[in-house]
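Visitor: build the 3D model from these lines:
(chains A and B)
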Amino acid sequence: MKTFRIGGVHPAENKLSAGSHIREAALPKQAVFSMFQHIGAPAKPVVKKGDVVKVGTLLGEAGGFVSAPIYSSVSGKVSKVDVALDSSDTRRMAVYVDVEGDEWEESIDRSTDLVRLEDRPDLDAKTIVEKIKQAGIVGMGGATFPCHVKLCPPPGQKAECVIINAVECEPYLTADHSLMLEKADEILVGVTLIMKAVGVERGYIGIENNKPDAIRLMQEKAGKYHRGIEVVPLKVRYPQGGEKQLIDAVIGRQVPAPPAIPINVGAVVQNVGTAFAIYEAVMKNKPLISRVITVTGKSVQKPSNLLARLGTPLSQLIDECGGLPADTGKIIGGGPMMGKALISLDIPMTKGSSGLLVMTEKEARRAEPDPCIRCAKCVGACPMGLEPFLLAQLSSQHMWDEAEHEAIVSCIECGSCAFTCPSHRPLLDHIRLGKTTVMGIIRARAAKK
Amino acid sequence: MSNRLVVSLSPHVHSGDSVRKNMYGVCLALAPAMIASLYFFGLGAAVVMLSSIIACVFFEWSITKFILKRERSTVMDGSAILTGILLGFNMPSNLPIWIIVIGALVAIGVGKMTFGGLGQNPFNPALVGRVFLLISFPAQMTTWPVSGSVEYLDAQTGATPLSIMKWAIQSGDASALKDLPSSMDMFLGMHGGALGEVSALLLLLGCVFMIVRKIITWHIPVSILGTVAILSAILPVANPVYANPVAVLCGGGLMLGACFMATDYVTSPMAPKGQIIYGVAIGALTVIIRNWGSYPEGMSFAILIMNAFTPLINTYCKPRRFGEVAGKEAKK
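Guide: Numbering: from 1, shown residues only, chains lettered A, B, ... in the order given. Take a look at the predicted model:
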């Protein structure tokens, strides 16, 4: 079975919510839409206090090419345009909407009929990309990189294949898994749309073999939509859902060090949730206003996959799964390997919210670090072939030139090193600091030239 | 509630591995050979090993507490016990306790704690102790009880396979090699030597256990044993005074060194490529010292020499970076 070639770890999977049907979460009383739901320039609010909005009304327009517009996921009245705490634990510009009823923009097709690519001969690559851009779709795996940017290869670069990331290698998370089981047809149409948008005849769907039902279902259906789609079962290994690792696993090519990007090896990678959002945007005219989020944790009463409107406060999602457990010690937006610890539950759900993980007080504590025993387990675990012990040491001593020389910017922050360290050393904390500083130094140097 | 949330950077989960698990894992891997040493050397093995372990733990504890004045003691993390076991394994079973205590003081005090304790020492502490004793007490450290002699101080001593090999080379008389124990006896441990070194079979088993449990990787033991096997297979063809590969591999401290001493985390290189260079160099140095040096055994010196090269190897041998091969592949 295929997998990536360097490093990797196997954390306990803990997929507590696997097999639970996607439930629709209730509408919130107030929805808050952060203008920073993607990587790149923030969106610019285009509504003001008192404006009446519907589901699908534009709230913020894209702030540049690498940016994405924000749409309302609810109907009601704009109560204020002000800062709000978001999932990066910072206060940033947002639009507050007081919810009244559930009225949708008429342009949105709310029927559940499947529309296939053959049914829409009018769609060409350019139209598809434009629709995706207009719908505000970003990478749904959690990276939230604006989707249309990846579908417009830089001049001179040509895509050879599309790889759909259905790996979901983060422990606990099952949102993509449940989506595949319930929306397989829509996802496959979405894949054909992406393939058409970048002009390729080959598409791969990479799924780890801890989801045999999804692999089977996708394999059965793929041929019906495009002969070039192949489902690739992958050996379970973290961080296989990392873009570079996935490309290596599926087509055996390694993206060189930054600034190289996947298109340099001919690959365009999109998350399976993104494929579904693309289907809805292009075929149903529905902007990105909702997504599936896994709400889970060992002491959560009812770990679930919820289809929730963006802007819904996270506290409400936990309430729908049995409420916040008394022994809660840490709340994580995303999965346990790369997710962010949140400082509050008032934070609204955003486009990148793939999971909400509640950890008990006991799980939340880190062990005291011991001295580094130079066991090299971090070196063996690093999927980028780096030396985490060395990068952490160089960073903690502020030796930025040396850190740059040791390729610190290649770090993908997957956390395999700190996960595996027998001495419980906070390797990634130091490396992140070093990576951010070195990237700043590199940018400053480029600006001078 | 929300004001009591823990906020820290990812990753939020841990493999559950710990220093302790690894150190005790190595101890467990050494257990079969330890039990075998009781069978081969009886009371002597028990006295030597116990005093070595107790002395090492005592020195680690007292230096941490009274000299370094650290609040958090590493004494129970298993590393001092491991040094104690390895040091004991390297000694003859009739060694007086006072020499063992000196060895433990040098191993822990000089070899480990002077550099700052666990993780900081450039040389393998047990080997520092052993080599110090070998140079300071050459007579006691080179008189080896024969296997099956279960007394302590009055154990019956005799020639070891290594001394027979050395004699054959020095006298130029290949017939001296006839006195070597049979290959099977060598492999099982029915020959003279340091108390923990004799059973190649059980040491290999321990090594396989460590590799399976991912305490160590295969690179160092395989490269050392492979290098020695190849060199000692070629040498007897060139000149019959050199012993056969099985005797070379199973004799002396080679197996113990390759599986347990050279693989010491702290003093061996970090990247797989570096570990192989380190292993091949140890294997080659051992063969050179054993055959052409003045000591019959070269394993400890070879490992210590390569310990000194470890920082240099780490500087020049980097792991294969992701994407490094992409250029070559693209051309294909």
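Visitor: and whichever strand or helix holds B:Trp167, what's buried?
Guide: Secondary structure from DSSP states H and E places B:Trp167 in helix B:161-171. Judged by neighbour count (16 or more other CB atoms under 10 Å in any protein chain shown), helix B:161-171 contains these buried residues: B:Pro161, B:Leu162, B:Ser163, B:Ile164, B:Met165, B:Lys166, B:Trp167, B:Ala168, B:Ile169. In this view, the C-beta of every residue, glycine as well, is placed from N, C-alpha and C.
Visitor: biggest helix in the chain by residues?
Guide: Looking at chain A here, since you left the chain open. In chain A, assigned by DSSP state H, the helix with the most residues is helix A:427-448.
Visitor: that's the wrong chain, I meant chain B
Guide: Ranked by residue count and defined by DSSP H, the top helix of chain B is helix B:19-62.
Visitor: helices or strands up against that one?
Guide: Applying 3 or more CB pairs under 8 Å, 6 or more residues apart in numbering or on different chains; DSSP states H and E, one finds that helix B:19-62 contacts helix B:79-89, helix B:97-104, helix B:200-212.
Visitor: report all helices and strands that the helix or strand just after the helix holding B:Trp167 contacts.
Guide: Next helix or strand after helix B:161-171 toward the C-terminus (DSSP H and E): helix B:183-188. Helices and strands touching helix B:183-188, by 3+ CB pairs under 8 Å, 6+ apart, are helix B:200-212, helix B:245-250.
Visitor: okay, and A:Glu106 sits in which element?
Guide: If you go by DSSP H and E, A:Glu106 is not part of any helix or strand.
Visitor: phi, psi of it?
Guide: Backbone geometry at A:Glu106, expressed as degrees, to the nearest 10, gives phi -70, psi -20.
Visitor: got the contact list for A:Lys29?
Guide: A:Asp98, A:Val99 (CB atoms under 8 Å, 6 or more residues apart in numbering or on different chains).
Visitor: show the pLDDT at it.
Guide: At A:Lys29, the predicted lDDT confidence score is 95.
Visitor: okay, it and chain B: tell me how far apart.
Guide: Using CB to the nearest CB, to the nearest Å, we find A:Lys29 at a distance of 19 Å from chain B.
Visitor: quick one, strands of the stretch 251-400 of chain A?
Guide: Using DSSP state E, counting those that start in this stretch, the strands of the stretch 251-400 of chain A run over A:267-271, A:290-296, A:304-309, A:328-333, A:340-341, A:355-360.
Visitor: let's have these in JSON lines, adding mean neighbour count, mean pLDDT and distance to chain B.
Guide: JSON lines is the format used below for these (neighbours: other CB atoms under 10 Å in any protein chain shown; pLDDT from 0 to 100; distance: least, CB to the nearest CB, whole Å):
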{"stretch": "strand A:267-271", "mean neighbour count": "25", "mean pLDDT": "96", "distance to chain B": "12"}
{"stretch": "strand A:290-296", "mean neighbour count": "27", "mean pLDDT": "96", "distance to chain B": "13"}
{"stretch": "strand A:304-309", "mean neighbour count": "24", "mean pLDDT": "96", "distance to chain B": "20"}
{"stretch": "strand A:328-333", "mean neighbour count": "23", "mean pLDDT": "94", "distance to chain B": "4"}
{"stretch": "strand A:340-341", "mean neighbour count": "20", "mean pLDDT": "94", "distance to chain B": "4"}
{"stretch": "strand A:355-360", "mean neighbour count": "26", "mean pLDDT": "95", "distance to chain B": "7"}
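Visitor: okay, the helices and strands packed on helix B:19-62 in a markdown table with mean pLDDT next?
Guide: Listed next are the helices and strands packed on helix B:19-62 as a markdown table, based on pLDDT from 0 to 100:
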| stretch | mean pLDDT |
| --- | --- |
| helix B:79-89 | 95 |
| helix B:97-104 | 97 |
| helix B:200-212 | 95 |
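Visitor: walk me through the domains of chain A.
Guide: Domains of chain A are assigned by automatic domain parsing as A:117-284, A:377-448.
Visitor: so what's the closest residue to chain B within chain A up against?
Guide: Proximity of chain A to chain B (CB to the nearest CB) peaks at A:Gly415, 3.2 Å away. Residues counted as contacts of A:Gly415 (CB under 8 Å, 6+ apart) are A:Met337, A:Met338, A:Leu428, B:Ser10, B:Pro11.
Visitor: any idea how far A:Phe36 lies from A:Pro212?
Guide: 38 Å (CB to CB, to the nearest Å).
Visitor: higher neighbour count, the two?
Guide: A side-by-side neighbour count of A:Phe36 and A:Pro212, using other CB atoms under 10 Å in any protein chain shown, places A:Phe36 first with 22 against 11.
Visitor: secondary structure element for that one, which one?
Guide: Here A:Phe36 is assigned to no helix or strand, by DSSP H and E.
Visitor: quick check on it: phi, psi?
Guide: As for A:Phe36, its main-chain torsions (degrees, to the nearest 10) stand at phi -110, psi 70.
Visitor: was I right about it contacting A:Asp89?
Guide: No. Look at A:Phe36 against A:Asp89 with CB atoms under 8 Å: they stay out of range, at 11.9 Å.
Visitor: buried sites along stretch A:59-71?
Guide: If you call a residue buried by 16+ other CB under 10 Å, then stretch A:59-71 has these buried ones: A:Leu59, A:Gly60, A:Ala62, A:Gly63, A:Ser67, A:Ala68, A:Pro69, A:Ile70, A:Tyr71.
Visitor: with stretch B:108-116 instead?
Guide: Buried residues in stretch B:108-116 (16+ other CB under 10 Å): B:Ile108, B:Gly109, B:Val110, B:Gly111, B:Lys112, B:Met113.
Visitor: hey, C-alpha coordinates of that stretch in CSV?
Guide: Extracted C-alpha coordinates of stretch B:108-116, given in CSV (Å, rounded to 0.1, in the frame of the first residue of the first chain):
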residue,chain,number,x,y,z
ILE,B,108,29.4,8.5,36.2
GLY,B,109,31.5,11.2,37.7
VAL,B,110,34.0,11.9,35.0
GLY,B,111,32.2,10.3,32.0
LYS,B,112,28.8,11.7,32.6
MET,B,113,28.2,14.3,35.3
THR,B,114,31.2,16.6,34.6
PHE,B,115,29.6,17.3,31.3
GLY,B,116,26.2,18.2,32.8
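Visitor: what residues does it touch?
Guide: Contact partners of stretch B:108-116, identified using CB under 8 Å, 6+ apart, comprise B:56, B:59-60, B:63-64, B:67-68, B:80, B:83, B:118, B:120-129, B:132.
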